[in-house]
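A.B. asks: Quick one, structure for this:
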Amino acid sequence: MASNALGLLGLGKRGGNVFAGEDPVITACRAGRARLVLVASDAGEHTIRRAGNLFTGPVIQVPYDKVALGAALGMRSCAVAALGDARLALSFVRKLDGDYASAIAVLEKITAPRLPAKQK
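C.D. replies: Numbering: from 1, shown residues only. Below you'll find the model as predicted:
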């Protein structure tokens, strides 16, 4: 399952829906384009704290180190990344092993189909 989740990151990166690295993630969060922020398992405490303070949505620590996360994104290493598409983010989190129920709940709420308004 892990390689499938990392494969989704690569696919999203090619589609322009993944922001990798601290500066692009900060820009995406401030612009309101981020739907999920990922932090590598071996990221420093400062990086984890900063990601939590910067983004009001779900921030999860993934079971991949910086090298594995970076390799999936075509980089040498990557401590933090953001996904800009809610459906891609939901698919990614569902493929992870572990308890990410709160992140899944938030993303399902974002991706839920909206019913058309009743006409009078």
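A.B. asks: hey, let's count contacts and neighbours off CA atoms from now on
C.D. replies: Noted.
A.B. asks: Helices of the protein, start to end?
C.D. replies: Remark: helices assigned in the chain by DSSP state H are 2-14, 22-31, 45-54, 66-72, 86-95, 101-111.
A.B. asks: and the fifth one, average pLDDT?
C.D. replies: Here helix 86-95 scores 92 as its mean pLDDT.
A.B. asks: hmm, back to that, select, out of the helices of the chain, the one closest to Ile60.
C.D. replies: Closest approach to Ile60 among the helices of the chain is made by helix 101-111 (7.7 Å; CA to CA).
A.B. asks: before we move on, the earlier item: dump the helices of the chain to JSON lines, plus distance to Cys78 and mean neighbour count.
C.D. replies: JSON lines is the format used below for those (distance: least, CA to CA, whole Å; neighbours: other CA atoms under 10 Å):
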{"stretch": "helix 2-14", "distance to Cys78": "12", "mean neighbour count": "17"}
{"stretch": "helix 22-31", "distance to Cys78": "9", "mean neighbour count": "17"}
{"stretch": "helix 45-54", "distance to Cys78": "11", "mean neighbour count": "14"}
{"stretch": "helix 66-72", "distance to Cys78": "4", "mean neighbour count": "20"}
{"stretch": "helix 86-95", "distance to Cys78": "17", "mean neighbour count": "20"}
{"stretch": "helix 101-111", "distance to Cys78": "21", "mean neighbour count": "15"}
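A.B. asks: Output those in a markdown table, with distance to Val37 appended to each entry.
C.D. replies: Below are these laid out as a markdown table (distance: least, CA to CA, whole Å):
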| stretch | distance to Val37 |
| --- | --- |
| helix 2-14 | 12 |
| helix 22-31 | 8 |
| helix 45-54 | 7 |
| helix 66-72 | 13 |
| helix 86-95 | 9 |
| helix 101-111 | 10 |
